[in-house]
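Enquirer: Compute the structure for the input listed below.
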Amino acid sequence: MDIVRQKQVREWTLLGLVATMALVANLPRAALESIGIEQGLLMAMLGLMVVFALFLYVRFFFFLIYFLLAIGANLPEQWAASLGISQTPMLIALIAMVALSVLNYTAKALPTGLEPKKRKENPEATQMLVDAIDKRNLSYFKTLLTMDFDVDLPSPDGMTPLMKAAQKGEFKMVQMLIRRGASALIEGPSGRASDVALKGNFPKVAEFLTRVETVHAAEAEKHQSKQPEAAPAIA
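Expert: Now for the predicted structure:
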């Protein structure tokens, strides 16, 4: 099983657990009591599971859970009573999710020392990304980009995925890699990615990468100017 399949299995397993617990928690109270299940405890576990999902997979599944909780918390009282749904735990879980999402966003946006660390190198994922570029498999390419790894890791031939995409003239892939954080300033055996695109006769890609280089260079210079100067050596 490749790393993409493993990631998908984890996500669907988590979604399945949340969906199952939500379904069981919303059964009539009498039915739950007959099999010895405490509804309040089950709802608390569901809330914890939602919070767990929030910090791991804040994408489609988070939106889906958000949507379901919002519907459950805002059902008319008569409907909720007839279905045996307790709206209070759902409302609490929804409020908690909103508060935690704001906290999570704030922690990433403010310089508190909790900023995202540099992505780890993953040679296997990088090779799979390069293979997707070579095969022009955009769908699989998009899936790989959802994973957390360093997209600037060069292949054994010294070329980064951005250079490979530029070499193939894959403009969409180049744009997606740039949005993902790939650097246009890295130089390989044939120069930067813009040079590779130019040699491959892809002027549109080369022009785009040249503009990106200017932006990246300005950002690097700005970041460098913010670094504290080294203390002078004591003789």
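
Enquirer: drop to CA atoms for contacts and neighbour counts, all remaining ones
Expert: Fine.

Enquirer: Quick one: mean pLDDT over stretch 194-204.
Expert: What stretch 194-204 shows for mean pLDDT is 94.

Enquirer: Stretch 140-152 too?
Expert: The average pLDDT within stretch 140-152 is 88.

Enquirer: Then stretch 171-179?
Expert: For stretch 171-179, mean pLDDT rounds to 94.

Enquirer: Kindly provide the distance from residue 34 to residue 137.
Expert: Here the criterion is C-alpha to C-alpha, to the nearest Å. By it, residue 34 lies 53 Å from residue 137.

Enquirer: Who has more neighbours out of the two?
Expert: residue 137 (13 against 8; other C-alpha atoms under 10 Å).

Enquirer: pLDDT score assigned to the more buried one?
Expert: 93.

Enquirer: How about residue 188?
Expert: pLDDT, residue 188: 91.

Enquirer: number of nearby residues for the nearest residue to residue 194 once chain neighbours are set aside?
Expert: The spatially closest residue to residue 194, leaving aside those adjacent along the chain, is residue 206, at 4.5 Å (C-alpha to C-alpha, 6 or more residues apart in numbering). For residue 206, the tally of surrounding residues (other C-alpha under 10 Å) stands at 24.

Enquirer: list the contacts for residue 206?
Expert: With contacts defined as C-alpha atoms under 8 Å, 6 or more residues apart in numbering, residue 206 is in contact with 166, 193, 194, 195, 196, 197, 198.

Enquirer: all helices for this structure, in order.
Expert: Per DSSP state H, the chain carries helices over the ranges 3-25, 29-34, 39-56, 60-73, 77-83, 87-109, 123-134, 138-145, 161-168, 171-180, 193-199, 203-226.

Enquirer: Could you count how many residues lie near residue 180?
Expert: Residue 180 - counted by other C-alpha under 10 Å - has 14 other residues nearby.

Enquirer: Spit out the contact partners of the closest residue to residue 140 other than its chain neighbours.
Expert: Nearest non-adjacent residue to residue 140, counting by C-alpha to C-alpha, 6+ apart: residue 132, 6.5 Å away. With contact taken as C-alpha under 8 Å, 6+ apart, residue 132 is in contact with 138, 140, 141.

Enquirer: State the distance from residue 132 to residue 168.
Expert: 11 Å.

Enquirer: next one: residue 150
Expert: 21 Å.

Enquirer: likewise residue 221?
Expert: 30 Å.

Enquirer: swap in residue 183?
Expert: In this structure, residue 183 and residue 168 are 18 Å apart, going by C-alpha to C-alpha.

Enquirer: go on, residue 44?
Expert: 51 Å.

Enquirer: Compare these two (neighbour count), which wins?
Expert: Legend: neighbour count by other C-alpha under 10 Å for residue 44 and residue 168, higher for residue 168 (21 against 16).
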